[in-house]
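Chemist: A structural model of the following input is requested.
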Amino acid sequence: MKNINELNIANLTALWTKVGRLVGNYSKVNACESSVVNHSQWPNKIWIKEELNTKLLDQLTEQMVASKIDLVFPHWNIYSDEIKDLAPDTFIQKSEQTGMSLKLDQAFELSNSLNFKRVSQKEEVKLWTSIYPKCFGYVISEEILSKTKDEIAFYLFYANDELVGTAIYFPTNEVVGIHGVGIIPEMRKKGFAEEIMKILLNKAISESISYATLQASPLGKGIYKRLGFTEDFTIKNYGLKAI
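Modeler: Residues are numbered from 1 along each chain as shown. As a prediction, the model looks like this:
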């Protein structure tokens, strides 16, 4: 078994890869992989799953410059001896996340305050993609959901028939990646994000999955720590500086 950091990154990049292959364009040039979808702000990523060195950084920069769509490079610090600070005259850090994991060995008690529905119909696709930007501030296109919903589980959550939020559930090998857990603004600070996580974690336990992984924003990290997740590594997301 790979270590949990590698499994976390493998799940995340497998999600991007699947979307690129089914909807847009996935490519691998040398060690650089990328997934691009037109008319969507996600995934549009370029990444390297090995230790970063000057040669790889030059290749990556060249591909980012050549891309017609702005790409984000997620740099995860799971290697002990590599380039740690990207050239400030070339790259700008857009955000930072924390890679987190949880061993799934005990089910969570639910409040039974939420109902949920996996997206399958056209109207559900429209609803999910309309509220996701309210949760996260960027767009995942209807085309992505329409073409991937049979292989990637997108969920809508409700409290007393009122829409609460979204989530993406994506198992690979020994782990399930939980992504896109978002609560619409008017439903925040009511404990719904934690309840959504418990529902999805219990689902994974029922499917005999060993670990859950995610990438937390600074805002969400406290919720995941309360559920028992550990902080494993840091992801700094970079774009090219405007010339």
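Chemist: buried sites along stretch 4-22?
Modeler: 4-5, 7-13, 15-20, 22 (16 or more other C-beta atoms under 10 Å). C-beta here means a position set from N, CA and C on the backbone, and glycine is covered the same way.
Chemist: spatially central residue in this protein, please.
Modeler: H179 (4.5 Å; C-alpha atoms, centre = their mean).
Chemist: shouldn't it be within a helix?
Modeler: No: assessed with DSSP: H, G, I helix; E, B strand; the rest coil, H179 is strand; it does not lie in a helix.
Chemist: follow-up on the earlier one: filter the buried residues of stretch 4-22 down to the ones in helices?
Modeler: 4-5, 7-13, 15-20, 22 (DSSP state H).
Chemist: returning to what we had before: which one of the buried residues of stretch 4-22 is nearest F157?
Modeler: Of all the buried residues of stretch 4-22, L15 has the smallest distance to F157: 19.6 Å, by C-beta to C-beta.
Chemist: what helix or strand does the residue lying closest to that closest one once chain neighbours are set aside sit in?
Modeler: Leaving out its chain neighbours, the residue that sits closest to L15 by C-beta to C-beta, 6 or more residues apart in numbering is F170, at 5.1 Å. For F170, the enclosing helix or strand under DSSP states H and E is strand 162-172.
Chemist: give me the sheet partners of that strand and which way each runs.
Modeler: strand 153-159 (antiparallel), strand 175-183 (antiparallel) (DSSP bridges).
Chemist: could you identify which of those strands is most buried?
Modeler: strand 175-183 (a mean of 23; mean count of other C-beta atoms under 10 Å).
Chemist: domain assignment for this structure?
Modeler: The domain map for the chain lists 4-98+235-240, 115-233, with the assignment taken from automatic domain parsing.
Chemist: least confident of these, on average?
Modeler: In terms of mean pLDDT, the lowest-scoring of those is domain 4-98+235-240 (a mean of 93).
Chemist: give me the distance from that domain to the chain's centre.
Modeler: How far domain 4-98+235-240 lies from its chain's middle: 13 Å, per C-alpha atoms, centre = their mean, to the nearest Å.
Chemist: specify the beta-bridge partners of the closest residue to A204 other than its chain neighbours.
Modeler: In space, and not counting its chain neighbours, A204 is closest to V176: 4.4 Å by C-beta to C-beta, 6+ apart. Beta-bridge partners recorded for V176 (DSSP bridges): P171, A212.
Chemist: nearest to D105, out of the domains of the chain?
Modeler: Minimum separation from D105 across these (C-beta to C-beta) falls at domain 115-233, 8.1 Å.
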